[in-house]
Structure formats: structure tokens, C-alpha cells
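Engineer: when you get a sec, could you give me coordinates for this:
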Amino acid sequence: MSRPNVLQVGRFPARFNERLQRDYQLIRLWEQPDVLAERGADIDIVVTSARYGCSAEQLAQMPNLKAICSFGVGYDSIAVDDAKARGIVISTTPDVLNECVADTAIGLVIDTARQFAASDRHVRQGKWLNGQYPLTRKVSGKKLGIVGFGRIGKDIAKRAAGFDMEIRYHKRREDPDSGYRFEANLKALATWADFLVLACPGGAATHHLIDAEILAALGADGILVNIARGSVVDEQALVAALQAGTLGGAGLDVFEDEPRVPEALFDMPNVVLLPHVGSATEETRLAMENLVFDNLDAFIERGELITPL
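Structural biologist: Numbers count the residues shown, from 1 in each chain. Coordinates of the predicted model:
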């Protein structure tokens, strides 16, 4: 392919932005908001992320688009069906972030149960002078249910096994080689589990998969951890369950309307809130950046992607 026009949908870290600007014929959407109407037919490749996506409306304005290279593994904000119907190929950045996201999941399990972040605030605010922090919940030896058992789900299970946790998982189809018990019924898994960790894709198929019924099944002693997508959880039902005490706690790295988070969660000591940092380490983000560029270069040079969706 001759030097293609690359559309960057949104801002990325400075290092990534600079490399895109230096090495490619780049158009930045936020700097030229009318560019799709004016030059949409000139765009060959889109660089985006789960945060920015690429909508059906945007695709319709780019009749000659050939590829979408996305930073991250989530693709629910990309009009995948529309793209595939037109033969537009899509890449993501799988595998390189599995370990850090799985680490985050276990970190949220521990912090939500043991309330380390809240205990830290207890000390910093001088409250220890007035008495000890209340007793919390044990993690080792407890029952962990994992919703979604792909690469990240399996890495979560591997880590949880180090805490002698009993592990079961739920997904569309059983994985006979997993070494863990499959639970076809999500409500049954939630009823059984002490911790329910979400590691499934976002999108229409999993929208509000975790609703009031599942939260009630998890119960007043159960803890929900979400490192998947905010859309997987009915956030209003989650807030209601926590306020009513019918759910024991929640560790959340993702939200329905990021970066907006329900303020009702802010003062709950049994809730840990992270700003979508599951893969946010220097090492992992650099690996993700490199994989985006590897996909870009492979498509420009050979017409193929290294990690196609």
C-alpha cells in the first residue's frame, strides 16, 4: 500500500501520539472535527481504542476504509458487524495485557475484602488514635467464581489458586481442558461464590448480565469485582444492593459512563474504585503501543494484521 491516510480518533499517551505523528500520514479527528464530512473518502486506516471506538455513523463517512487498529482488547465501542460486512479488518492488542489485568482483579479481591484502601484512609485521617479499624474478611481458601474464561479469566484463576481458593467459571461453552469446574447457570455460580469476578467481553450480548437478580444471589456476604466492561453490570442495581446491604462489597475498575462514577459509592468503605487502570503499567502500555504499530506496519506492508479480531 502506498503511504496511507491514518485517522487518529482520540488522544493517546504523548509517546504514542508522537510516534504516530512522526511515522504516518496522520489526521487527528479532534483537531479537525469536520474531516470525515470533508475528507472521509481519503481515510484508509483508523487508529482508535475501546474508549473512542468507531461508530457505524463514522464508518459510513469513510467509504474507502480498509482497517481499524485498536489500542486495547475491548471492541464493544467499534461497529464490528458493519466493518466486517464491508471487509474492513480490525486488530486489537490481546495477550500483552493479560497479566496486569489479572493482577488488578486479584488486587481488587484482596482490597475489597480486607479494606486496605479504607484502612489507609483511617490512618491518614488520624482515626487510629480513636480506635482500631473494624475487622474485615478473609480471602485465602474462599470460593471464587469467574464470569468469562478467556485468556484473562484463566490468568485470574492461576493467581487465585495461589490463595488456595476454590474456583469455578461461567462462559457460553465449557472448556474441558481448563482444570476447573464449569457452571452453566450464572445465578447458581453467584449463589455459590464468595467473590464473583467479571472478565467477559462487553457489548450487547453481556449488557447488564449482572443485574439485581444476580447481585441478590451473590448476597450480603458476597463481593463483586469488575475488570471487564462497565456495561456488564446494571450500575443502578449495584448501587441499590450496596446501599441496602444485600451485597457485601464491590471492587470496580470499570463503569457504565466513564469517567463518571455514581457518587453514592464514594463513601462506602466496602467499595474500591479504580479509574480503569487494569492494564496501566509502563511495561504493559508500551507492549500495547508496540503491538498497535506492528499491526499498522504489517497491514501497510503486507495487507494483513498480526492480531486480527
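Engineer: residue 99 against residue 155, yeah?
Structural biologist: Yes. Counting by Cβ atoms under 8 Å, residue 99 touches residue 155, with 6.2 Å between them. Any C-beta I mention is one placed from the backbone N, CA and C, and that applies to glycine too.
Engineer: could you find the closest non-adjacent residue to residue 269?
Structural biologist: In space, residue 269 comes closest to residue 118 once its chain neighbours are excluded; the distance is 4.0 Å by Cβ to Cβ, 6 or more residues apart in numbering.
Engineer: tell me the secondary structure at the one you found.
Structural biologist: Residue 118 carries the three-state label helix when classified by DSSP: H, G, I helix; E, B strand; the rest coil.
Engineer: that one reaches residue 267, doesn't it?
Structural biologist: No. Taking Cβ under 8 Å as the contact criterion, residue 118 and residue 267 are not neighbours in contact, 10.1 Å apart.
Engineer: between those two, who's got more neighbours?
Structural biologist: Set side by side, residue 118 and residue 267 show more neighbours around residue 118, with 18 against 7, by other Cβ atoms under 10 Å.
Engineer: local confidence estimate at the more buried one?
Structural biologist: We have a pLDDT of 96 for residue 118.
Engineer: could I get the contacting residues of it?
Structural biologist: With contacts taken as Cβ atoms under 8 Å, 6 or more residues apart in numbering, residue 118 has the following neighbours: 133, 269-270.
Engineer: possible to save those residues as CSV with neighbour count, distance to residue 87 and pLDDT?
Structural biologist: Listed next are the contacts of residue 118 as CSV, based on neighbours: other Cβ atoms under 10 Å; distance: Cβ to Cβ, whole Å; pLDDT from 0 to 100:
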residue, neighbour count, distance to residue 87, pLDDT
133, 16, 58, 97
269, 16, 52, 94
270, 19, 49, 96
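Engineer: between those, which sits nearest residue 94?
Structural biologist: Of all the contacts of residue 118, the one sitting nearest residue 94 is residue 270; the distance, using Cβ to Cβ, is 32.7 Å.
Engineer: with adjacent residues omitted, what lies nearest to the closest one?
Structural biologist: Looking at residue 270 with Cβ to Cβ, 6+ apart, the closest residue is residue 249, at 3.7 Å.
Engineer: helices of the stretch 51-200 of the chain, start to end?
Structural biologist: Secondary structure of the stretch 51-200 of the chain, counting by DSSP state H, counting those that start in this stretch: helices at 56-60, 80-85, 98-114, 116-124, 151-161, 186-192.
Engineer: so for the fourth one, what gets flagged as buried?
Structural biologist: Within helix 116-124, the residues that qualify as buried are 117-119, 122, counting by 16 or more other Cβ atoms under 10 Å.
Engineer: okay, now residue 194: neighbour count?
Structural biologist: 22.
Engineer: that one and residue 98, how far apart?
Structural biologist: Shown here: residue 194 relative to residue 98, a distance of 24 Å by Cβ to Cβ, to the nearest Å.
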